[in-house]
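[1] Test case, fold it:
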Amino acid sequence: MVKVADFKDGMKDIDIVVEIDYVPQRFTGQNWGIVFVKDDSKDIKMILKGENMKKAKEGMKLRIKKGFVSMTRGELQLNPSKDHPIEFVEENEKK
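    Modelled structure (predicted):
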């Protein structure tokens, strides 16, 4: 299973469960925001939009299916697939 610490620019088809570590910025008027998500190896920036951003709170777990990694302003960023919505994982559900 791939870990955040192993991510490289251009990686595709990433299936991973991450935890929201930090929500530094919400753009309420624009309906999107920046969050940092992590696994047990490292954290990474991610953009959430719409209802996903409204629901996002530190400590929540997200399942990303078929995600991809890009380089944005010199930083790696995890991006969800447009074809596979982000799933909020229940606390008692296994990775």
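
[2] drop to CA atoms for contacts and neighbour counts, all remaining ones
    Fine.

[3] which residue ranges form the helices in the protein?
    Here the chain has its helices, by DSSP state H, at 50-55.

[4] for it, what's the longest strand?
    Criterion DSSP state E: the longest strand present in the chain is strand 14-27.

[5] now that strand: how far from the chain's centre is it?
    Taking CA atoms, centre = their mean, to the nearest Å, one finds strand 14-27 lying 4 Å from the centre of the chain it belongs to.

[6] Give me the buried positions along it.
    Under the neighbour-count criterion of 16 or more other CA atoms under 10 Å, strand 14-27 has I14, D15, I16, V17, V18, E19, I20, D21, Y22, V23, R26 buried.

[7] ok, now stretch 52-71?
    52-53, 56, 60-70.

[8] Straight-line length of it, end to end?
    Stretch 52-71 has an end-to-end distance of 22 Å (CA to CA, to the nearest Å).

[9] For it, the averaged confidence score.
    Regarding stretch 52-71, the rounded mean pLDDT is 94.

[10] Can you tell me what sits against it?
    7-23, 26, 31-33, 76-81, 84-91 (CA atoms under 8 Å, 6 or more residues apart in numbering).

[11] coming back round to it: neighbouring contacts of the longest strand of the chain?
    With CA under 8 Å, 6+ apart as the contact definition, strand 14-27 has outside contacts at 1-3, 32-39, 43, 53, 56-68, 95.

[12] re earlier: mind putting the buried residues of strand 14-27 into TSV with pLDDT and distance to I47?
    Listed next are the buried residues of strand 14-27 as TSV, based on pLDDT from 0 to 100; distance: CA to CA, whole Å:
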residue	pLDDT	distance to I47
I14	97	16
D15	96	17
I16	97	16
V17	96	16
V18	98	14
E19	97	14
I20	97	11
D21	96	13
Y22	93	12
V23	89	10
R26	68	10
